[in-house]
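1. pasting the sequence and the predicted model now:
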Amino acid sequence: MRKHEIDDCVSVINSVIGFLLSSAPSWAAGGDAGAALRHDCGLLKAYAVNQVKDKSFAKSLYSCFEDVRLCGIDLPTMRNVLSKIEALTPVTLPGQLTVQTAAIYALSEISQIIAAMVFTARDTVETVLAQMNDDFDGSEESAADNNDQQVYQALIALHAAVTNHLVRTAQPLPWMVSYFYRKTLPSLTLSQRIYGDGTHADELRAENHVIHPAFMPMRGVALSPQN
């Protein structure tokens, strides 16, 4: 590998390290997960040139992605990391392949985050499914354009597995519906009007992020009473 190609790969790696470090939740910084992230990212950054030369950086880079997930990164933040990776514009083929590798690692973490999520309504699952499809499209297209059948097949398999998980998760869940009343109501009264009983008062508060149960918003959301 020529020097300008090595430099291009190292530049990508350093950018990705920056994305990961800045995306870790602040509350995790003082814990073991935060320490592992800083250690692994610092080690990779220090030895990036040598690891690019001997083609061993991929394992180190994946460890950094695993670390940030264990730090508790949420789905929107990891999707933002993926977007930043895909926006990188290396000028050499090795640099472009390094971007592709980092994007695949981000998709792996996105898939694991989704697998651990707890959903309460079908609408939320549908939204995550649509976002996930968009996330995979770029890497699948890139692998197809590069005629990398092994990577393409692996991405298709992972994409299918996450899709199947979300579809199965959504099937027993209720839909979210919108409500509107012309005055502020207590959560207990609202539960009575929507569901015919007061047992859903706490649920309505949680879904609409209400602090005081006496002051529900006039316009909000509720689980469909028909499920």
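-> Noted; the coordinates are in hand. What you are looking at is a predicted structure, and each value in this text was computed from that prediction instead of being measured.

2. from here on, contacts and neighbour counts on C-alpha atoms
-> OK.

3. so which elements touch the helix or strand encompassing Ser63?
-> Element membership of Ser63, judged by DSSP states H and E, is helix 57-70. With contacts defined as 3 or more Cα pairs under 8 Å, 6 or more residues apart in numbering; DSSP states H and E, the secondary structure elements packing on helix 57-70 are helix 3-23, helix 32-46, helix 93-116.

4. the same query, at a cut-off of 6 Å, please.
-> For helix 57-70, the elements it packs on are helix 32-46, judged by 3 or more Cα pairs under 6 Å, 6 or more residues apart in numbering; DSSP states H and E.

5. tell me the buried residues in the helix it packs on?
-> Buried residues in helix 32-46, counting neighbours by 16 or more other Cα atoms under 10 Å, are found at Ala33, Gly34, Ala36, Leu37, Arg38, Asp40, Cys41, Gly42, Leu44, Lys45.

6. ok, back up a step: which helices and strands sit right next to the helix or strand just after the helix holding Ser63?
-> The element immediately downstream of helix 57-70 (helix or strand, assigned by DSSP H and E) is helix 75-86. Where contact means 3+ Cα pairs under 6 Å, 6+ apart, helix 75-86 is not packed against any helix or strand.

7. residue ranges with poor pLDDT in this protein?
-> Within the chain, the stretches falling below the threshold (pLDDT under 70) are 226-227.

8. okay, now the domains of it?
-> Recorded structural domains for the chain (assignment: automatic domain parsing) are 3-170, 176-223.

9. which residues touch the residue nearest to the spatial centre of the chain?
-> With distances taken as Cα atoms, centre = their mean, Leu75 lies nearest the centre of the chain, 2.8 Å away. Contact analysis of Leu75 by Cα atoms under 6 Å, 6 or more residues apart in numbering lists nothing.

10. 8 Å - rerun?
-> With contacts defined as Cα atoms under 8 Å, 6 or more residues apart in numbering, Leu75 is in contact with Ile110, Ile113, Ile114.

11. and Phe180, by the same measure?
-> Met218, Arg219, Gly220.

12. the last one contacts Ser178, doesn't it?
-> Yes - here Gly220 reaches Ser178: they are 5.7 Å apart, a contact under Cα atoms under 8 Å.

13. these two: which is more packed in?
-> More neighbours sit around Gly220 than around the other of Gly220 and Ser178, counting by other Cα atoms under 10 Å; the figures are 16 against 10.

14. what bridges to that one?
-> Gly220 forms beta bridges with Tyr179, as assigned by DSSP bridges.

15. which ones are touching it?
-> Ser178, Tyr179, Phe180, Asn208.
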